[in-house]
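# fold the following and give me the result.
(4 chains)
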2 protein chains.
Amino acid sequence: MQENARFSGKAATRRTDIRRENERLILTAAEKVFAEAGYGGATMQLIADMAGLPKANLHYYFATKEDLYRRVVQEIFEIWLNAAASFDAASTPAEGIGAYIEAKMDISRRHPHGSKVWAAEVMQGAPVIQDYLETTLRDWTENRARVIQGWIDAGQMAPVNPRHLLYMLWAMTQHYADFGHQIETLNGGAPLTDRQWQEATESVKTIILRGVGLG
Amino acid sequence: MQENARFSGKAATRRTDIRRENERLILTAAEKVFAEAGYGGATMQLIADMAGLPKANLHYYFATKEDLYRRVVQEIFEIWLNAAASFDAASTPAEGIGAYIEAKMDISRRHPHGSKVWAAEVMQGAPVIQDYLETTLRDWTENRARVIQGWIDAGQMAPVNPRHLLYMLWAMTQHYADFGHQIETLNGGAPLTDRQWQEATESVKTIILRGVGLG
DNA sequence: ATTCCATTTGACCAAATGGTCAGCTTGTGG
DNA sequence: CCACAAGCTGACCATTTGGTCAAATGGAAT
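Numbering: from 1, shown residues only, chains lettered A, B, ... in the order given. Below you'll find the predicted structure:
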(Lines give C-alpha, C1' and ligand atoms only; values in the text may rest on other atoms or scores of the structure.)
Protein backbone atom coordinates (compact mmCIF):
# COMPACT_ATOMS: atom_id res chain seq x y z
CA MET A 1 0.00 0.00 0.00
CA GLN A 2 1.12 3.49 -0.63
CA GLU A 3 0.11 4.51 2.87
CA ASN A 4 2.75 2.18 4.15
CA ALA A 5 5.33 3.73 1.92
CA ARG A 6 4.35 7.21 2.90
CA PHE A 7 4.26 6.66 6.63
CA SER A 8 7.05 4.17 7.15
CA GLY A 9 10.00 6.05 8.59
CA LYS A 10 12.45 5.93 5.65
CA ALA A 11 10.79 8.17 3.06
CA ALA A 12 9.59 5.62 0.55
CA THR A 13 9.84 1.87 0.43
CA ARG A 14 12.16 0.14 -1.96
CA ARG A 15 9.21 -0.83 -4.13
CA THR A 16 8.11 2.75 -4.64
CA ASP A 17 11.64 3.77 -5.47
CA ILE A 18 11.94 1.06 -8.09
CA ARG A 19 8.71 2.09 -9.68
CA ARG A 20 9.64 5.75 -9.80
CA GLU A 21 13.15 5.07 -11.05
CA ASN A 22 12.07 2.76 -13.83
CA GLU A 23 9.29 5.00 -14.98
CA ARG A 24 11.76 7.86 -15.16
CA LEU A 25 14.27 5.68 -16.99
CA ILE A 26 11.67 4.66 -19.53
CA LEU A 27 10.25 8.15 -19.98
CA THR A 28 13.69 9.62 -20.57
CA ALA A 29 14.56 6.98 -23.11
CA ALA A 30 11.17 7.31 -24.78
CA GLU A 31 11.50 11.09 -25.05
CA LYS A 32 14.76 10.71 -26.92
CA VAL A 33 13.63 7.92 -29.21
CA PHE A 34 10.31 9.58 -30.08
CA ALA A 35 12.20 12.79 -30.84
CA GLU A 36 14.79 11.11 -33.03
CA ALA A 37 12.53 8.68 -34.87
CA GLY A 38 9.03 10.12 -34.60
CA TYR A 39 6.10 8.20 -33.19
CA GLY A 40 5.83 5.86 -36.14
CA GLY A 41 9.55 5.28 -36.40
CA ALA A 42 10.07 4.64 -32.72
CA THR A 43 9.89 1.04 -31.57
CA MET A 44 9.33 -0.29 -28.08
CA GLN A 45 12.44 -2.39 -28.57
CA LEU A 46 14.56 0.69 -29.26
CA ILE A 47 13.21 2.45 -26.21
CA ALA A 48 13.76 -0.66 -24.11
CA ASP A 49 17.38 -0.95 -25.27
CA MET A 50 18.03 2.70 -24.54
CA ALA A 51 16.50 2.33 -21.09
CA GLY A 52 18.46 -0.86 -20.50
CA LEU A 53 15.34 -2.90 -19.80
CA PRO A 54 13.67 -5.83 -21.51
CA LYS A 55 10.82 -4.84 -23.76
CA ALA A 56 8.25 -6.74 -21.74
CA ASN A 57 9.17 -4.60 -18.77
CA LEU A 58 8.09 -1.47 -20.60
CA HIS A 59 4.66 -2.94 -21.07
CA TYR A 60 4.54 -3.64 -17.37
CA TYR A 61 4.81 0.07 -16.63
CA PHE A 62 3.08 1.48 -19.70
CA ALA A 63 0.30 -0.60 -21.20
CA THR A 64 0.76 0.60 -24.78
CA LYS A 65 3.14 2.60 -26.93
CA GLU A 66 0.52 5.32 -27.15
CA ASP A 67 0.25 5.58 -23.37
CA LEU A 68 3.97 6.07 -23.11
CA TYR A 69 3.93 8.65 -25.87
CA ARG A 70 1.10 10.57 -24.26
CA ARG A 71 3.03 10.87 -21.03
CA VAL A 72 6.07 12.24 -22.84
CA VAL A 73 4.00 14.89 -24.60
CA GLN A 74 2.23 15.91 -21.42
CA GLU A 75 5.49 16.46 -19.61
CA ILE A 76 6.91 18.98 -22.07
CA PHE A 77 3.58 20.76 -22.22
CA GLU A 78 3.59 21.29 -18.48
CA ILE A 79 7.13 22.58 -18.55
CA TRP A 80 6.12 25.16 -21.08
CA LEU A 81 3.06 26.23 -19.17
CA ASN A 82 5.21 26.84 -16.14
CA ALA A 83 7.38 29.23 -18.15
CA ALA A 84 4.38 31.53 -18.04
CA ALA A 85 5.36 32.41 -14.51
CA SER A 86 8.25 34.54 -15.76
CA PHE A 87 5.77 36.34 -17.96
CA ASP A 88 3.17 36.92 -15.30
CA ALA A 89 5.56 37.95 -12.55
CA ALA A 90 6.78 40.95 -14.49
CA SER A 91 5.41 44.44 -14.07
CA THR A 92 6.68 45.98 -17.31
CA PRO A 93 6.36 44.68 -20.87
CA ALA A 94 10.12 44.68 -21.43
CA GLU A 95 10.64 42.67 -18.28
CA GLY A 96 7.82 40.21 -19.00
CA ILE A 97 8.66 39.53 -22.62
CA GLY A 98 12.38 39.45 -21.94
CA ALA A 99 12.02 37.00 -19.08
CA TYR A 100 9.69 34.81 -21.12
CA ILE A 101 12.18 34.64 -23.97
CA GLU A 102 14.93 33.72 -21.53
CA ALA A 103 12.81 31.05 -19.90
CA LYS A 104 11.79 29.49 -23.20
CA MET A 105 15.32 29.60 -24.61
CA ASP A 106 16.48 27.87 -21.49
CA ILE A 107 13.86 25.16 -21.92
CA SER A 108 14.88 24.72 -25.54
CA ARG A 109 18.39 24.07 -24.42
CA ARG A 110 17.54 21.75 -21.56
CA HIS A 111 14.67 19.84 -23.17
CA PRO A 112 15.35 19.67 -26.89
CA HIS A 113 13.88 16.18 -27.18
CA GLY A 114 10.59 17.09 -25.57
CA SER A 115 10.30 20.14 -27.79
CA LYS A 116 10.73 18.00 -30.89
CA VAL A 117 8.16 15.49 -29.76
CA TRP A 118 5.68 18.29 -29.24
CA ALA A 119 6.47 19.81 -32.61
CA ALA A 120 5.99 16.50 -34.40
CA GLU A 121 2.74 15.91 -32.57
CA VAL A 122 1.34 19.28 -33.59
CA MET A 123 2.62 18.96 -37.15
CA GLN A 124 0.69 15.73 -37.49
CA GLY A 125 -2.51 17.40 -36.39
CA ALA A 126 -2.21 16.84 -32.64
CA PRO A 127 -3.95 13.44 -32.72
CA VAL A 128 -3.43 12.80 -29.02
CA ILE A 129 -3.37 16.28 -27.47
CA GLN A 130 -6.03 18.11 -29.44
CA ASP A 131 -8.09 18.59 -26.30
CA TYR A 132 -5.17 20.36 -24.58
CA LEU A 133 -4.91 22.77 -27.47
CA GLU A 134 -8.60 23.56 -27.29
CA THR A 135 -8.73 24.05 -23.54
CA THR A 136 -5.54 24.75 -21.63
CA LEU A 137 -3.52 26.29 -24.44
CA ARG A 138 -6.40 28.34 -25.74
CA ASP A 139 -7.08 29.81 -22.31
CA TRP A 140 -3.40 30.42 -21.70
CA THR A 141 -3.05 32.22 -25.02
CA GLU A 142 -6.12 34.37 -24.60
CA ASN A 143 -5.07 35.47 -21.15
CA ARG A 144 -1.59 36.50 -22.24
CA ALA A 145 -2.89 38.17 -25.37
CA ARG A 146 -5.14 40.21 -23.12
CA VAL A 147 -2.23 41.22 -20.93
CA ILE A 148 -0.25 42.33 -23.96
CA GLN A 149 -3.22 44.26 -25.31
CA GLY A 150 -3.42 45.97 -21.95
CA TRP A 151 0.17 47.10 -22.26
CA ILE A 152 -0.51 48.43 -25.73
CA ASP A 153 -3.64 50.26 -24.63
CA ALA A 154 -1.64 51.83 -21.82
CA GLY A 155 0.90 53.08 -24.34
CA GLN A 156 3.64 50.95 -22.84
CA MET A 157 4.60 49.30 -26.12
CA ALA A 158 3.98 49.60 -29.84
CA PRO A 159 0.66 48.38 -31.20
CA VAL A 160 1.20 44.86 -32.54
CA ASN A 161 -1.14 41.93 -32.85
CA PRO A 162 -0.68 40.13 -29.51
CA ARG A 163 -1.42 36.69 -30.94
CA HIS A 164 1.14 36.98 -33.69
CA LEU A 165 3.65 38.28 -31.19
CA LEU A 166 3.11 35.16 -29.10
CA TYR A 167 3.44 32.93 -32.17
CA MET A 168 6.70 34.65 -33.01
CA LEU A 169 8.04 34.13 -29.50
CA TRP A 170 7.17 30.43 -29.65
CA ALA A 171 8.56 30.03 -33.13
CA MET A 172 11.91 31.60 -32.40
CA THR A 173 12.59 30.04 -29.05
CA GLN A 174 11.50 26.55 -30.05
CA HIS A 175 13.40 26.81 -33.30
CA TYR A 176 16.63 26.54 -31.36
CA ALA A 177 15.49 23.16 -30.04
CA ASP A 178 13.59 21.77 -33.02
CA PHE A 179 16.13 22.85 -35.63
CA GLY A 180 19.09 22.43 -33.32
CA HIS A 181 20.69 19.97 -35.68
CA GLN A 182 20.53 22.41 -38.59
CA ILE A 183 21.92 25.20 -36.45
CA GLU A 184 24.68 22.92 -35.25
CA THR A 185 25.59 22.02 -38.82
CA LEU A 186 25.67 25.68 -39.83
CA ASN A 187 27.82 26.28 -36.76
CA GLY A 188 30.54 24.14 -38.25
CA GLY A 189 29.21 20.91 -36.82
CA ALA A 190 29.64 21.92 -33.19
CA PRO A 191 26.84 22.43 -30.67
CA LEU A 192 26.35 26.00 -29.53
CA THR A 193 28.58 26.89 -26.61
CA ASP A 194 27.36 28.61 -23.46
CA ARG A 195 28.48 31.88 -24.97
CA GLN A 196 26.66 31.21 -28.24
CA TRP A 197 23.44 30.32 -26.48
CA GLN A 198 23.68 33.56 -24.60
CA GLU A 199 24.28 35.40 -27.85
CA ALA A 200 21.27 33.69 -29.42
CA THR A 201 19.09 34.66 -26.49
CA GLU A 202 20.33 38.23 -26.61
CA SER A 203 19.71 38.42 -30.36
CA VAL A 204 16.15 37.28 -29.97
CA LYS A 205 15.52 39.63 -27.05
CA THR A 206 17.11 42.60 -28.78
CA ILE A 207 15.23 42.24 -32.02
CA ILE A 208 11.89 41.43 -30.45
CA LEU A 209 12.00 44.12 -27.78
CA ARG A 210 13.04 46.76 -30.27
CA GLY A 211 10.47 45.30 -32.65
CA VAL A 212 7.66 46.04 -30.22
CA GLY A 213 8.98 49.50 -29.43
CA LEU A 214 10.86 48.65 -26.25
CA GLY A 215 14.38 48.98 -27.62
CA MET B 1 13.44 6.49 -76.84
CA GLN B 2 13.19 9.91 -75.32
CA GLU B 3 14.57 11.54 -78.45
CA ASN B 4 11.50 10.33 -80.25
CA ALA B 5 9.27 11.88 -77.68
CA ARG B 6 11.04 15.17 -77.88
CA PHE B 7 11.07 15.46 -81.63
CA SER B 8 7.73 13.92 -82.55
CA GLY B 9 5.37 16.73 -83.51
CA LYS B 10 2.89 16.78 -80.62
CA ALA B 11 4.99 18.01 -77.71
CA ALA B 12 5.52 14.78 -75.82
CA THR B 13 4.32 11.27 -76.50
CA ARG B 14 1.61 9.70 -74.45
CA ARG B 15 4.24 7.62 -72.63
CA THR B 16 6.12 10.64 -71.38
CA ASP B 17 2.91 12.27 -70.25
CA ILE B 18 1.87 9.21 -68.30
CA ARG B 19 5.20 9.03 -66.58
CA ARG B 20 5.18 12.68 -65.62
CA GLU B 21 1.57 12.63 -64.51
CA ASN B 22 1.94 9.56 -62.35
CA GLU B 23 5.15 10.77 -60.77
CA ARG B 24 3.44 14.04 -59.92
CA LEU B 25 0.42 12.18 -58.56
CA ILE B 26 2.61 10.02 -56.36
CA LEU B 27 4.83 12.86 -55.18
CA THR B 28 1.84 14.99 -54.20
CA ALA B 29 0.26 12.15 -52.27
CA ALA B 30 3.56 11.25 -50.65
CA GLU B 31 4.18 14.83 -49.55
CA LYS B 32 0.87 14.88 -47.74
CA VAL B 33 1.19 11.45 -46.14
CA PHE B 34 4.78 12.00 -45.02
CA ALA B 35 3.74 15.34 -43.51
CA GLU B 36 0.75 13.92 -41.68
CA ALA B 37 2.26 10.66 -40.48
CA GLY B 38 6.03 11.19 -40.51
CA TYR B 39 8.42 8.95 -42.39
CA GLY B 40 8.01 6.03 -40.03
CA GLY B 41 4.26 6.36 -39.79
CA ALA B 42 3.71 6.70 -43.52
CA THR B 43 3.03 3.52 -45.46
CA MET B 44 3.36 2.89 -49.15
CA GLN B 45 -0.19 1.58 -49.09
CA LEU B 46 -1.51 4.87 -47.68
CA ILE B 47 0.33 6.86 -50.29
CA ALA B 48 -0.90 4.53 -53.01
CA ASP B 49 -4.50 4.90 -51.87
CA MET B 50 -4.21 8.67 -51.76
CA ALA B 51 -2.69 8.68 -55.24
CA GLY B 52 -5.37 6.29 -56.48
CA LEU B 53 -2.84 3.73 -57.70
CA PRO B 54 -2.01 0.17 -56.70
CA LYS B 55 0.93 -0.09 -54.36
CA ALA B 56 3.03 -2.07 -56.80
CA ASN B 57 2.78 0.83 -59.20
CA LEU B 58 4.51 3.11 -56.74
CA HIS B 59 7.47 0.78 -56.66
CA TYR B 60 7.60 0.90 -60.43
CA TYR B 61 8.23 4.65 -60.34
CA PHE B 62 10.14 4.85 -57.07
CA ALA B 63 12.26 1.89 -56.13
CA THR B 64 11.99 2.33 -52.39
CA LYS B 65 10.11 4.34 -49.79
CA GLU B 66 13.30 6.19 -49.04
CA ASP B 67 13.77 7.20 -52.69
CA LEU B 68 10.29 8.64 -52.74
CA TYR B 69 10.88 10.46 -49.48
CA ARG B 70 14.15 11.91 -50.67
CA ARG B 71 12.47 13.38 -53.73
CA VAL B 72 9.80 15.03 -51.58
CA VAL B 73 12.41 16.63 -49.33
CA GLN B 74 14.49 17.83 -52.27
CA GLU B 75 11.51 19.58 -53.83
CA ILE B 76 10.72 21.77 -50.83
CA PHE B 77 14.38 22.56 -50.38
CA GLU B 78 14.62 23.90 -53.91
CA ILE B 79 11.51 25.99 -53.47
CA TRP B 80 13.09 27.60 -50.44
CA LEU B 81 16.38 28.25 -52.15
CA ASN B 82 14.53 30.05 -54.91
CA ALA B 83 12.99 32.38 -52.36
CA ALA B 84 16.46 33.81 -52.03
CA ALA B 85 15.86 35.67 -55.26
CA SER B 86 13.58 38.13 -53.50
CA PHE B 87 16.35 38.71 -51.02
CA ASP B 88 19.11 39.17 -53.56
CA ALA B 89 17.16 41.35 -55.94
CA ALA B 90 16.69 44.06 -53.35
CA SER B 91 18.90 47.08 -53.04
CA THR B 92 17.99 48.14 -49.51
CA PRO B 93 17.84 46.05 -46.32
CA ALA B 94 14.21 46.89 -45.68
CA GLU B 95 13.27 45.83 -49.16
CA GLY B 96 15.33 42.65 -49.09
CA ILE B 97 14.25 41.42 -45.68
CA GLY B 98 10.66 42.45 -46.27
CA ALA B 99 10.47 40.68 -49.60
CA TYR B 100 12.10 37.58 -48.17
CA ILE B 101 9.55 37.42 -45.36
CA GLU B 102 6.74 37.81 -47.85
CA ALA B 103 8.15 35.10 -50.09
CA LYS B 104 8.63 32.65 -47.26
CA MET B 105 5.22 33.33 -45.75
CA ASP B 106 3.74 32.70 -49.16
CA ILE B 107 5.55 29.40 -49.41
CA SER B 108 4.35 28.42 -45.95
CA ARG B 109 0.83 28.96 -47.09
CA ARG B 110 1.14 27.19 -50.41
CA HIS B 111 3.39 24.29 -49.34
CA PRO B 112 2.58 23.46 -45.74
CA HIS B 113 3.12 19.76 -46.28
CA GLY B 114 6.58 20.13 -47.72
CA SER B 115 7.55 22.45 -44.89
CA LYS B 116 6.48 19.85 -42.34
CA VAL B 117 8.39 17.09 -44.07
CA TRP B 118 11.51 19.21 -44.03
CA ALA B 119 11.02 20.10 -40.38
CA ALA B 120 10.59 16.47 -39.37
CA GLU B 121 13.64 15.48 -41.38
CA VAL B 122 15.82 18.09 -39.68
CA MET B 123 14.38 17.32 -36.25
CA GLN B 124 15.42 13.72 -36.69
CA GLY B 125 18.98 14.71 -37.46
CA ALA B 126 18.68 15.09 -41.23
CA PRO B 127 19.47 11.42 -41.95
CA VAL B 128 18.92 11.75 -45.69
CA ILE B 129 19.79 15.40 -46.42
CA GLN B 130 22.76 16.01 -44.18
CA ASP B 131 24.99 16.61 -47.21
CA TYR B 132 22.67 19.40 -48.40
CA LEU B 133 22.94 21.11 -45.05
CA GLU B 134 26.72 20.94 -45.16
CA THR B 135 27.10 22.19 -48.71
CA THR B 136 24.24 24.09 -50.33
CA LEU B 137 22.59 25.43 -47.20
CA ARG B 138 25.86 26.35 -45.56
CA ASP B 139 27.00 28.30 -48.60
CA TRP B 140 23.62 29.96 -48.94
CA THR B 141 23.64 31.01 -45.32
CA GLU B 142 27.17 32.34 -45.34
CA ASN B 143 26.53 34.41 -48.43
CA ARG B 144 23.40 36.02 -47.04
CA ALA B 145 24.99 36.56 -43.66
CA ARG B 146 27.76 38.41 -45.47
CA VAL B 147 25.27 40.60 -47.29
CA ILE B 148 23.54 41.46 -44.03
CA GLN B 149 26.86 42.21 -42.37
CA GLY B 150 27.63 44.52 -45.29
CA TRP B 151 24.43 46.46 -44.62
CA ILE B 152 25.33 46.73 -40.97
CA ASP B 153 28.86 47.90 -41.72
CA ALA B 154 27.43 50.52 -44.06
CA GLY B 155 25.22 51.78 -41.25
CA GLN B 156 22.06 50.82 -43.10
CA MET B 157 20.63 48.79 -40.25
CA ALA B 158 21.16 48.10 -36.58
CA PRO B 159 24.01 45.78 -35.61
CA VAL B 160 22.54 42.34 -35.07
CA ASN B 161 24.04 38.90 -35.49
CA PRO B 162 23.22 38.06 -39.13
CA ARG B 163 23.03 34.33 -38.50
CA HIS B 164 20.55 34.65 -35.70
CA LEU B 165 18.52 37.06 -37.76
CA LEU B 166 18.31 34.44 -40.51
CA TYR B 167 17.33 31.76 -38.00
CA MET B 168 14.59 34.03 -36.72
CA LEU B 169 13.27 34.64 -40.20
CA TRP B 170 13.16 30.93 -40.90
CA ALA B 171 11.60 30.14 -37.56
CA MET B 172 8.79 32.62 -37.83
CA THR B 173 7.82 32.07 -41.43
CA GLN B 174 7.97 28.29 -41.26
CA HIS B 175 6.10 28.30 -37.97
CA TYR B 176 2.95 29.30 -39.82
CA ALA B 177 3.22 26.11 -41.88
CA ASP B 178 4.63 23.66 -39.35
CA PHE B 179 2.37 24.75 -36.49
CA GLY B 180 -0.53 25.62 -38.75
CA HIS B 181 -2.75 23.19 -36.93
CA GLN B 182 -2.07 24.81 -33.57
CA ILE B 183 -2.65 28.27 -35.00
CA GLU B 184 -5.86 27.09 -36.58
CA THR B 185 -7.06 25.68 -33.27
CA LEU B 186 -6.24 28.93 -31.49
CA ASN B 187 -8.08 30.73 -34.27
CA GLY B 188 -11.31 29.08 -33.21
CA GLY B 189 -10.76 26.01 -35.35
CA ALA B 190 -10.83 27.87 -38.65
CA PRO B 191 -7.92 28.20 -41.08
CA LEU B 192 -6.50 31.70 -41.43
CA THR B 193 -8.35 33.75 -44.00
CA ASP B 194 -6.63 35.74 -46.73
CA ARG B 195 -6.93 38.77 -44.52
CA GLN B 196 -5.44 36.95 -41.52
CA TRP B 197 -2.50 35.66 -43.53
CA GLN B 198 -1.84 39.20 -44.64
CA GLU B 199 -2.04 40.36 -41.05
CA ALA B 200 0.38 37.65 -39.98
CA THR B 201 2.83 38.64 -42.71
CA GLU B 202 2.53 42.30 -41.75
CA SER B 203 3.06 41.49 -38.08
CA VAL B 204 6.24 39.60 -38.82
CA LYS B 205 7.52 42.29 -41.15
CA THR B 206 6.70 45.12 -38.77
CA ILE B 207 8.32 43.57 -35.74
CA ILE B 208 11.40 42.30 -37.55
CA LEU B 209 12.06 45.44 -39.56
CA ARG B 210 11.66 47.63 -36.53
CA GLY B 211 13.70 45.08 -34.60
CA VAL B 212 16.67 45.61 -36.89
CA GLY B 213 16.32 49.37 -36.87
CA LEU B 214 14.38 49.77 -40.07
CA GLY B 215 11.02 50.68 -38.56
C1' DA C 1 -0.12 -6.66 -88.24
C1' DT C 2 3.77 -7.52 -85.56
C1' DT C 3 7.29 -6.79 -82.51
C1' DC C 4 9.28 -4.61 -78.63
C1' DC C 5 9.31 -2.31 -74.57
C1' DA C 6 7.01 0.53 -71.09
C1' DT C 7 3.38 0.08 -67.83
C1' DT C 8 0.22 -2.18 -64.65
C1' DT C 9 -1.17 -5.16 -60.92
C1' DG C 10 -2.71 -9.18 -57.96
C1' DA C 11 -0.51 -12.40 -55.29
C1' DC C 12 3.03 -13.36 -52.43
C1' DC C 13 7.01 -13.24 -48.92
C1' DA C 14 10.37 -12.34 -45.28
C1' DA C 15 11.12 -9.28 -41.66
C1' DA C 16 9.72 -6.27 -38.11
C1' DT C 17 6.60 -4.84 -34.55
C1' DG C 18 3.20 -4.14 -30.71
C1' DG C 19 1.50 -6.74 -27.48
C1' DT C 20 0.61 -11.14 -24.41
C1' DC C 21 1.45 -14.56 -20.98
C1' DA C 22 2.97 -18.03 -17.92
C1' DG C 23 6.29 -18.71 -14.82
C1' DC C 24 10.07 -16.86 -12.27
C1' DT C 25 12.40 -13.67 -8.75
C1' DT C 26 12.26 -10.29 -5.17
C1' DG C 27 10.50 -7.33 -1.59
C1' DT C 28 7.59 -6.82 2.48
C1' DG C 29 4.31 -7.22 6.20
C1' DG C 30 3.08 -10.35 9.76
C1' DC D 1 10.45 -17.71 8.30
C1' DC D 2 6.19 -17.58 5.47
C1' DA D 3 2.85 -16.15 2.36
C1' DC D 4 1.41 -12.93 -0.76
C1' DA D 5 1.88 -9.37 -3.98
C1' DA D 6 4.88 -6.60 -6.91
C1' DG D 7 8.20 -6.76 -10.28
C1' DC D 8 10.60 -9.14 -14.13
C1' DT D 9 11.27 -11.52 -18.55
C1' DG D 10 11.98 -15.12 -22.38
C1' DA D 11 9.19 -17.04 -25.60
C1' DC D 12 5.55 -16.53 -28.45
C1' DC D 13 1.85 -14.65 -31.74
C1' DA D 14 -1.05 -12.02 -35.02
C1' DT D 15 -0.63 -8.27 -37.90
C1' DT D 16 1.51 -4.99 -40.71
C1' DT D 17 4.76 -3.49 -44.02
C1' DG D 18 8.30 -2.76 -47.65
C1' DG D 19 9.39 -4.95 -51.41
C1' DT D 20 9.27 -8.73 -55.35
C1' DC D 21 7.67 -11.00 -59.43
C1' DA D 22 5.49 -13.10 -63.16
C1' DA D 23 1.97 -12.51 -66.03
C1' DA D 24 -1.15 -9.31 -68.40
C1' DT D 25 -2.03 -4.96 -70.89
C1' DG D 26 -1.08 -1.06 -73.84
C1' DG D 27 1.50 2.21 -76.90
C1' DA D 28 4.36 3.06 -80.82
C1' DA D 29 7.83 2.14 -84.44
C1' DT D 30 8.56 -0.83 -88.50
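# can we go C-alpha only for contacts and neighbour counts from here?
Will do.
# residue in chain A nearest to DNA strand D?
Nearest to DNA strand D in chain A, going by CA to the nearest atom of the strand, is A:Asn57, at a distance of 3.7 Å.
# what comes into contact with whichever helix or strand that residue is part of?
Per DSSP states H and E, A:Asn57 falls inside helix A:55-61. By CA atoms under 8 Å, 6 or more residues apart in numbering or on different chains, the residues outside helix A:55-61 that reach it are A:Glu23, A:Ile26, A:Met44, A:Gln45, A:Ala48, A:Asp49.
# list the buried residues for the following helix or strand past it?
The helix or strand immediately downstream of helix A:55-61 is helix A:65-82, counting by DSSP H and E. Within helix A:65-82, the residues scored as buried using 16 or more other CA atoms under 10 Å in any protein chain shown are A:Leu68, A:Tyr69, A:Val72, A:Val73, A:Ile76, A:Phe77.
# so how far is A:Ile76 from the first one?
Distance of A:Leu68 to A:Ile76, given as CA to CA, to the nearest Å: 13 Å.
# now do A:Asp139
A:Asp139 sits 18 Å away from A:Ile76, going by CA to CA.
# kindly report the same for A:Ile152.
From A:Ile152 over to A:Ile76 (counting by CA to CA), the distance is 31 Å.
# next: A:Phe87.
Distance of A:Phe87 to A:Ile76, given as CA to CA: 18 Å.
# do A:Pro162 as well
A:Pro162 is 24 Å from A:Ile76, by CA to CA.
# tell me the domain ranges of chain A?
Chain A is divided into the following domains under automatic domain parsing: A:2-63, A:72-211.
# need the winner for burial among the ones you listed.
Neighbour counts (mean count of other CA atoms under 10 Å in any protein chain shown) averaged over each of those peak at domain A:72-211, with a mean of 19.
# centroid-nearest residue for chain A?
The centroid of chain A falls nearest to A:Ile76 when counting by CA atoms, centre = their mean (3.9 Å).
# where's that one relative to chain B, distance?
Counting by CA to the nearest CA, to the nearest Å, the gap from A:Ile76 to chain B is 16 Å.
# ok, now which ones touch that residue?
A:His111, A:Gly114, A:Ser115, A:Trp118.
# quick check: the third one vs B:Asp194, distance?
Between A:Ser115 and B:Asp194 the distance, using CA to CA, works out to 30 Å.
# one more: A:Arg14?
With CA to CA as the criterion, A:Arg14 and B:Asp194 are 60 Å apart.
# the lengthiest helix in chain A - what's its average pLDDT?
Longest helix of chain A, by residue count under DSSP state H: helix A:14-41. Per-residue pLDDT over helix A:14-41 has a mean of 95.
# ok, stretch A:174-184 next?
Rounded mean pLDDT across stretch A:174-184 is 98.
# and the contacts of it?
Here stretch A:174-184 has contacts from A:104-105, A:108-109, A:111-113, A:115-116, A:119, A:190-192, B:119, B:122-123, B:125-126, B:133, B:167, B:171, using CA under 8 Å, 6+ apart.
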